[in-house]
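Student: Please work out how this folds:
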Amino acid sequence: QWYQRRVRGQEQGSEQDLEDEILTTSRSLITFMIQRKRKLFGTPTQFEDRHVDAAKDAYIECTSFEDNTFDLHRKEHHFAVQNVMDTCEKACQTEWKKPRTALSQYVPRTLPPAQLEKINQSEELSTFVKSVCPRFKLALQQNEIMDVFADDYNDLIEVDGVFGNKADNNLKEYQSFTDLEFSKNKSIAQIDWHPSIKGIVAVAYTEKLKYDDRVDLSSRILMSPSLILIWGFSDPIHPQLVLEAPEDIYTFKFNPTDPNIVAAGCINGQVVMWDISQYEARLRNHKNTGARANKTRSDLFDVEYQRSPVVHYAAVSSIESSHKMAVMDLLWLPDTVEVARMGVPVENKTQASCQLVTVGIDGNVMFWDIRMQKPAGAAGLGGLGAPAKKEKETSKEKFSSIPATFAHLDLQWKPMNVVPLSKLTGPGLHPGVTISISQQLQIVKSKMQNLVSGNPPLIHRTNSSVSRQRPVEMEGVNTKFFAGTEDGYLIYTDWKAEKDPESGKLVSSKPVYAIPCHAGPVHCLLRNPFYNHIFMSVGGWSWSIWKEGESEILQTSRSNFKFTAACWSTTRPGVFYIGREDGNIDVWDLMDRSHEPSMSQNISSSAVTSIVPYRVSSKQVLLGVGDNFGTLHILEVPWSLRQASPNELTAMSSYFERECSRIDYYKDRDANREEKIVDSSPQIPTALETDEEEEERLKKSFNNYLTMEKEFLVKLGLRKEDDPVKLIH
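Tutor: Reported below is the predicted structural model:
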């Protein structure tokens, strides 16, 4: 009766929990039908043993494996966690060294001269010096033979405690990128690594056409898109982003302080910029395949899903004010210095790279500012321009996918300064190909701490206007730069304007010097990352190493193949890589040899067009190599080429100093020889000589010869100094 009363009582709610735990089928069951012929019913069955290898038709092995494409996500999971706080007692006691100012004052002990003389003549001092002198000499000899303060264990750790195989000296292909749609029948013009996100590399593709072919096929080229592809290591098939450009891109660079801004130079002379800030999350999550991580397996075969986002350019310069021919090189100025009107260097108070430099085939070097120019009478608007213009930009951004970050520059962007690469003799300009500014202005490391410290990124500071106040020139800034030309000249000039002594106006500076150094275009001007004053020029069939302010200190012999690309090593000061037109890369190690490359390795069957290094960590260095077929090769640098010896930096510095001293010696020697030749040259008579004057001159010359002959024989010991010389009178 109690049981019946308990069952018939009021429900407490636990039966619902029990029903939820009962396993029920949520989908229809799969039905299988097995059939057999009627005549086979009841037939006897005979079994036999067979080996697994012999039974290929009746044995299938199903081994377990990890499915990387498995994409089943757990929607709900019930679990319980019980946590008990553990208590522990810990103590730490340190002795605090409080800094304090301390001083000591003393008075030197002096002795009278008589007592000093007595001590110097004493027998005790003589005995002490005789006993100490041998040990003192031994210590000096030991210091000269070896460094007694060197830590041998530390040196062993630096050499052996690294990752990699020391016996392997070849460049290994880490990964390769190519796109059948965008990079087909195109060549790689330039490569640039993302400054802050590892595993992201951008590549510019151009048509492989000469000028005549480009004119003939202009209609097809107009229909073909000009693109920059941004690749991620997680997906070698589909690019992460596609940057669309109005014309073929020959050079581009990420902004070093705000990598969301990309600037590039076109073949028609215009300068283009993109704002990829809205795709930053996609680039940072490229290891998780970005948006593909949330897609099912069936979505991977969707054409719309596989298509990479296309980013339209945010601003393009005015074609009337741009270069008249192709832009060949581009550099961002650092965040510490900016160039005002007439090339005056001033302090950059925005702490962001807002200016860039371009060089073109038309022979001009142009300085560009991406900030908004302050219009006249807009002082009361906070430097943001007219309100109507701001509302127009906002509406444009609202109804368009193109961000309005650089709407104030689109089709109105003009250069601040133009520096022509004038010829030293005669009219005309040198066609520029590459440019190199002083290492004092280079950005060695991207200053991304501004984002962490709370400072807004550059894209939120570009709308700040340029001040119209008179700039205060910074002192100690080197405004001179190097430029390589298409006709093989190396030009050293100044971007700062100088005053014309005749008219008194500010005009562009003339080049300090222009040296014909290569038998072909100068493809690269690269500064050594370890020495500010050492740089390398590559062009034609040779390369040269220069010291700023002096002539070249090292030059290679003529090669059988043209050099097309080059780069310095980021970890070793004496190693650099040279790309050739036959697809090989020459590795030069000046610590090993300087007359020939230490290693030559084939990378592609076409010409190497670009080489850019990237240091992932202290244990891994990569090389981005582009070829004329449009394939991007990522090569891994071996241990021997990335691990520097403990004294390599000092040894290479001494090597460059010795080469400079050797060149100075040869210059002084040649100058002295020329002076001696000028002094010893016979005097040419200004008028016709008479017979008596000519005879007197010949006698004097012959007597000088007899005197020199006697001195020579005396030095050899064949004659005595007292022997007379029979002179002709």
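Student: Quick one: list the elements packing against the longest strand belonging to the chain.
Tutor: Selection of the longest strand in the chain by residue count, based on DSSP state E, yields strand 608-617. Judged by 3 or more CB pairs under 8 Å, 6 or more residues apart in numbering; DSSP states H and E, the packing partners of strand 608-617 are strand 186-193, strand 563-568, strand 575-580, strand 584-589, strand 620-627. For the C-beta atoms, the positions are set from N, CA and C on the backbone; glycine is no exception.
Student: Would you mind checking the average pLDDT for that strand?
Tutor: Averaging pLDDT along strand 608-617 yields 93.
Student: cool, and stretch 636-645?
Tutor: Stretch 636-645 shows a mean pLDDT of 89.
Student: how about that stretch: buried residues?
Tutor: 636-644 (16 or more other CB atoms under 10 Å).
Student: end to end, how far does it reach?
Tutor: End-to-end span of stretch 636-645 (CA to CA, to the nearest Å): 19 Å.
Student: Off-centre distance for it?
Tutor: Distance of stretch 636-645 from the chain centroid (CA atoms, centre = their mean, to the nearest Å) equals 17 Å.
Student: list the buried ones in the helix or strand L698 falls within?
Tutor: Using DSSP states H and E, L698 sits in helix 691-716. For helix 691-716, the neighbour count (16+ other CB under 10 Å) marks K710 as buried.
Student: Same check on stretch 512-524?
Tutor: Buried residues in stretch 512-524, counting neighbours by 16+ other CB under 10 Å, are found at 514-515, 517-518, 520-524.
Student: max-length helix in this structure?
Tutor: For the chain, the helix reaching the highest residue count under DSSP state H is reported as helix 648-680.
Student: counting contacts, what elements does that one pack onto?
Tutor: Applying 3+ CB pairs under 8 Å, 6+ apart, we find helix 648-680 packed against strand 552-555.
Student: tell me which residues in the strand it packs on are buried?
Tutor: Buried, per 16+ other CB under 10 Å, within strand 552-555: 552-554.
Student: Go through the residues you listed and say which is closest to N255.
Tutor: Ranked by distance to N255 (CB to CB), the buried residues of strand 552-555 are led by E552 at 33.1 Å.
Student: distance of the closest one from P516?
Tutor: From E552 over to P516 the distance is 12 Å, taken as CB to CB, to the nearest Å.
Student: same deal with D335?
Tutor: In terms of CB to CB, D335 sits 36 Å off from P516.
Student: now A340
Tutor: Distance, A340 to P516, by CB to CB: 34 Å.
Student: same check, this time on V522
Tutor: When V522 is compared with P516 (using CB to CB), they lie 10 Å apart.
Student: Overlap in contacts, these two.
Tutor: 488-489 (CB atoms under 8 Å, 6 or more residues apart in numbering).
Student: quick one: the helices in the chain?
Tutor: 2-7, 14-21, 113-120, 123-145, 152-160, 211-216, 218-223, 280-284, 303-306, 387-398, 449-453, 639-642, 648-680, 691-716.
Student: Of these, which stretch is the most buried?
Tutor: Comparing the helices of the chain by mean neighbour count (mean count of other CB atoms under 10 Å), helix 639-642 comes out on top with a mean of 20.
Student: who's the spatially closest residue to L409 that is not a sequence neighbour bridged to?
Tutor: Spatial nearest neighbour of L409, excluding adjacent residues (CB to CB, 6 or more residues apart in numbering): A315 at 4.1 Å. Counting by DSSP bridges, A315 is bridged to M273.
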